[in-house]
Each structure stands twice: as C-alpha cells, then as structure tokens.
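**Q** Kindly return the folded structure for what I paste below:
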Amino acid sequence: TLFIKELRFANLRKSFLKADENSEINQPAAADIPMEHQLVCVTASDLQSLQNPPPPTQPGNIPSELKRLFDLLLMNTYSISETGRAALGGCLVWLLATWWLIRRKKPSLTSLVSPLYEINTRTWRSARDADGVHHLGGFHSITAADLKNIRASGFSSIWLMGIWDIGPKVRAISKRYGQDFLGSPFAIRDYRVSEELGTEKEFDALIVRAHSVGLKVLVDFVPNHMGLDSDWLNKHPEFFIHKLLSPAEVRLSDSELEKRHPGFFVHRTPSYPQAHRRVPKTILVAYGKDPYFYPWIDTAQLDYAEAGLRRKMTEVLCEIAQKVDGVRCDMAMLVLREQVKIHRHPEMSWESFNRMMPEEFWPEAIHAAKRVKHTFTFMAETYWSMEGYLQQLGFDYTYNKPLYEALCSAFASGNAEGLLNFMRLLGHEFLSRVVHFIENHDEERAMNVLGEERQRAAAAVICTMPGVALLHQGQLEGKRERLPVQRAVPIH
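**A** Numbers count the residues shown, from 1 in each chain. Model (predicted):
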C-alpha cells in the first residue's frame, strides 16, 4: 500500500530526465526528502525521454517471409518421408496461392459498372412504315457489332431500360395522350420480357453477346407499383393498397365509387383472402403514386406493410440476379418504412405498423440477391435527400439529382465556384457512390439545356469524377428530341 504524505510540483532538470538506468542520480528531485521516500511523476511530454527506445527491427514482408520459409523447408526436405514431402508440396502451393490472392489487384465495383450507357430498348432500331405502323427492333437488333462499338467507346456496362412485359390496359390508357404511344414500360404486368421485343431465349442471347465483349447488363426493377394488367391483382390482391366496400356502397356503380374514393379504381378479384380461403370480392385499389404528384393511372400501388409482398419482391430480385448483373431501382425511396407508413397507412398507429413492417425492405432484399451473385449491383433512383440513407441500407450507388442541378447551373452561368464548393461539401467517399448524369430518359436533353460546347464539357466533368458516369442513348450524337417513355419510335 502506498501512502502519499506530501505532493509537490517541480521542474526536473534535463540531466535528471536524460539519466539512463546505469547512471546514478546524485541529487534527488527534492533535496529535503530522502531518496527512498520519493516517487517522481513526469508529464506525458517528458515520458518518452525516460523510456529506452526499442531495438530497431526490420519488419518482414510476405515475399521475404515466404523465401525464408522456403529455404528452411529445402534444408529439411531430405529428412522427410515421401508422404511428408507430398504434404509439404501441397502446403507450399497453398501458401503461394494465398499470397497471390492477397496481393492481386482486385477491380472495384465502380470499374465494373462505370461508365454506364442507358439504352431505351424499345427505340433501338425501331421504325414507322408508310402506313404509320410501328416496327420495334427488339433484342436481336442490338447486334454484337453494336455492343463492340459501345465497349470501344469506353463503356463498362449497359442499362436496358424498358424490357418488361406490359398489358393492353396500360397501352390503351397511354393512347389517350398520344396515338403513337405504346404504354409505359414502368407499368409492368409481370417480370418477364416483353414479347414485342423478343423471347426469353433472344434476351438470354443478348446478355451473352454483351458479356462476350466485356459489358455488364443492368435492367429495371420497379418496387413501388405494378401495371393495371398485373396478374397479382387477381392472384394476390392483398399485395396492393386497397379498401373494402361498405354495405352502403355495394350497389353503387363503378364511376360513383371512384368519385367517392379519388385515387382508387374498382377491381373485381376472384381470390380475396378471407377466413383462410379465397373468395371473389369487389375492392377499391389505389393507383400507384409519388405522394407529391398526381397518381399514375396506369399502375396499382403495392403495399410493403404486407409481408407476402416483401417476400415476393425479394424472389423477383433473386430471379433477376440469376440472369443479369444489376438493377436500376425506380423511385427506390418510395418503399422506405417512413414513406409507407405516412403516405400509404396514415390511419394506422405506429405500434400497429411496426408489427406489420418491423424492418426496412431493402437490406434483406439486397442481401438475398447478392447471395445469388455477390457482384450484383443495386442502383437507386432517389430524391428528397435520401441518398445517404439508401447507401447505408446496402445500395451500391444512388442518383444525385442535386449534383445534376449544380452542374447545369454552373455550366449555364459560366461560374463553377458554387459547383466546386458543393463537390467539396459532398466529399470523395459520397461522390464515389453516386450516379452522375446530365441527361437520362427523365431529364431534358443536354443539348437543349446546355448547348453543344457546354454539354461536352459537362460530360467530361461527370466522366472524370469518382462514382458512376451515366450517359443516355443519343447523348453522344447530340440528339435533341426527348422521348416520353411511352413513345417507342422517335418523331424526328
């Protein structure tokens, strides 16, 4: 036990601090106290000078350690039995293979994806004949020569936008807005390829052609909604946001019901779940919707509070992962828990909602798909400053619309200071996980926004930034016509 009788603060002499373990200290730190009763404490800044430096050592690296081990093994080889020599050889091969795996240069996921070329699949070599009939090029029209040219232009991957099947209801609705419209490719009937583009075999052959020239393939995944023609409305109506009719509403006409419930449409399903069986029932189903815009009236809103839907969508992603290399997830932030609760189930208490949807959908779905293919890429179209959160949930890349707006503003004004400050604020780590673009199928053509010279300069900026550079079909040629996604054949 140590008893401290007196505590003093004093400046020690340098000679005292420099004394080594073999030298004697002739004078104590406090002359009036016997040496054996003194306990000297020093500051952290003086501590290093009192310590003996460790003997210099030369750290070994993996090659030198392997050489030393190899020499040792050679010295003892002749005293080892034949079985031992065989085991020794196997160990040596294993060590060399391990060293190679550790030291080899691994390509980053970014280098596998960027730059990314968006192909509007329905418009590729599509044409309109003299009678106004549309002829779509289809999967077979994207030839090996086309893909080689895309690869030779420096692209690492292609995004085949608009490949999934859509139905007659969706096509009919689009005709209200344009006689040449063929329906939105984001109002999906089912996750099978569109017959107007080709068969599953032709799609598989296209993927093989792309892979053979070194291009990865991404496709669409639309988590928020399905098209009005979806078979799920009949097989699994519980997958959708819906209402049951009250007794007073049973005899009302469809038009009257839809007037009473704006944002909903009447649907008669043969298999509504009720008391452990499925029965025919008339229900009101919500149109798909971004909460800040009008409903998309060719779609039906999915309900992520329903566990069966979450399992189904995870299965869809795993099936896609078996074929292609990644997905661009349309409006990915719309299926976050907070959005589902506030905008789809405002009447439900948080306690009840937490029981129905206890966790976010994305982490488990992403993990499941990456178990199928570990390099499978998830890219999120997102807004509302949700980029960082979606990256935390597992997305490899997210859109960055504010950066697009900053780029356009800087090049339109000729003042780059604001853009540079914004990029510094975002930082390298964040920028390396976002998708940069100056046009895509949702945005105006860069030629119309920036003009030829400035759009070239802006393209150079996004292609030299960390992250993924996205370029759109027709952008390299300076196209000016912006096509609605419902239009398959350009007018000009």
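**Q** can you give me the end-to-end distance of stretch 296-309?
**A** Terminal residues of stretch 296-309 lie 20 Å apart, using Cα to Cα, to the nearest Å.
**Q** buried residues in it?
**A** Across stretch 296-309, burial judged by 16 or more other Cβ atoms under 10 Å covers 296, 298-306, 309. The way it works is simple: take the backbone N, C-alpha and C, and place the C-beta from them, glycine included.
**Q** Same check on stretch 403-417?
**A** Neighbour-count burial for stretch 403-417 [16+ other Cβ under 10 Å]: 403-404, 406-408, 410-411.
**Q** now what about it, what contacts it?
**A** 418-419, 422-423, 426, 434, 436-438, 443, 449-450, 454-455, 457-458, 461-462 (Cβ atoms under 8 Å, 6 or more residues apart in numbering).
**Q** Check the spacing between the closest residue to residue 157 other than its chain neighbours and residue 210 real quick.
**A** Taking Cβ to Cβ, 6 or more residues apart in numbering, and ignoring the residues beside it in sequence, residue 157 has residue 216 as its nearest neighbour in space, at 3.8 Å. Computed with Cβ to Cβ, to the nearest Å, the distance linking residue 216 and residue 210 is 8 Å.
**Q** which residues are in contact with both of these two?
**A** Once Cβ under 8 Å, 6+ apart is applied, the residues that residue 216 and residue 210 both contact turn out to be residue 158.
**Q** Neighbour count for those two, which is higher?
**A** The residue with more neighbours, out of residue 216 and residue 210, is residue 210; 23 against 20, by other Cβ atoms under 10 Å.
**Q** quick one: which helix or strand includes the more buried one?
**A** Assessed by DSSP states H and E, residue 210 sits inside helix 200-212.
**Q** can you list the residues that contact that helix?
**A** Residues contacting helix 200-212 (Cβ under 8 Å, 6+ apart): 138-140, 142-144, 147, 158, 160, 163, 192-193, 197, 216-217, 323-324.
**Q** Direction included, what does the next helix-or-strand element following it pair against?
**A** Next along the chain after helix 200-212, taking DSSP H and E as the criterion, comes strand 216-221. Sheet partners assigned to strand 216-221 using DSSP bridges are listed as strand 157-161 (parallel), strand 326-329 (parallel).
**Q** Let me have those strands in JSON lines, extended by distance to residue 490 and mean neighbour count.
**A** Output for the strands paired with strand 216-221, formatted as JSON lines (distance: least, Cβ to Cβ, whole Å; neighbours: other Cβ atoms under 10 Å):
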{"stretch": "strand 157-161", "distance to residue 490": "15", "mean neighbour count": "24"}
{"stretch": "strand 326-329", "distance to residue 490": "22", "mean neighbour count": "26"}
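**Q** want to throw the ones you listed into JSON lines with distance to residue 181 and mean pLDDT?
**A** As requested, the strands paired with strand 216-221 are arranged in JSON lines below (distance: least, Cβ to Cβ, whole Å; pLDDT from 0 to 100):
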{"stretch": "strand 157-161", "distance to residue 181": "16", "mean pLDDT": "98"}
{"stretch": "strand 326-329", "distance to residue 181": "22", "mean pLDDT": "98"}
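**Q** Dump those strands to TSV, plus distance to residue 391.
**A** Below are these laid out as TSV (distance: least, Cβ to Cβ, whole Å):
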stretch	distance to residue 391
strand 157-161	19
strand 326-329	13
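**Q** what about the closest residue to residue 193 other than its chain neighbours, neighbour count?
**A** Distance criterion Cβ to Cβ, 6+ apart; nearest residue to residue 193, sequence neighbours excluded, is residue 203 at 4.7 Å. The tally of other residues near residue 203 (other Cβ under 10 Å) stands at 24.
**Q** Ok, the one 4 residues further on next?
**A** In terms of burial, residue 207 registers 18 neighbours under the definition other Cβ under 10 Å.
**Q** Read off the pLDDT value for it.
**A** What the model reports as pLDDT for residue 207 is 98.
**Q** Now do it against residue 317, distance only.
**A** 17 Å.
**Q** how many neighbours does residue 233 have?
**A** 21.
**Q** okay, and the helix or strand of this protein with the least pLDDT?
**A** Lowest on mean pLDDT, DSSP states H and E among the helices and strands of the chain sits helix 44-50, with a mean of 45.
**Q** and the helix or strand containing residue 404, what's its mean pLDDT?
**A** Assessed by DSSP H and E, residue 404 sits inside helix 401-413. For helix 401-413, mean pLDDT is 90.
**Q** For the closest residue to residue 391 other than its chain neighbours, give me its contacts.
**A** Closest residue to residue 391 apart from its sequence neighbours, by Cβ to Cβ, 6+ apart: residue 433 at 5.5 Å. If you count contacts by Cβ under 8 Å, 6+ apart, residue 433 has them with 391, 395-398, 467.
**Q** Doesn't residue 482 lie inside a strand?
**A** No - counting by DSSP: H, G, I helix; E, B strand; the rest coil, residue 482 is not part of a strand but coil.
**Q** Show residues contacting stretch 188-195.
**A** 122, 139, 162-167, 170, 185, 199-200, 203, 222, 226-227, 229-231, 316, 319-320.
**Q** could you flag which of the residues you listed are buried?
**A** Burial by neighbour count, 16+ other Cβ under 10 Å: within these this picks out 122, 139, 162-167, 170, 185, 203, 222, 226-227, 229-230, 316, 320.
**Q** from those residues, which ones fall inside strands?
**A** 164-165, 226-227 (DSSP state E).
**Q** low-scoring stretches of this protein, by residue?
**A** Residues of the chain that meet the criterion pLDDT under 70 lie in 1-89, 91-92, 95, 97-111.
**Q** Could you tell me which strands sit next to the host helix or strand of residue 286 in the sheet, and their orientation?
**A** Using DSSP H and E, the element containing residue 286 is strand 277-288. Note on strand 277-288: by DSSP bridges, its sheet partners are strand 242-244 (antiparallel), strand 264-274 (antiparallel), strand 296-301 (antiparallel).
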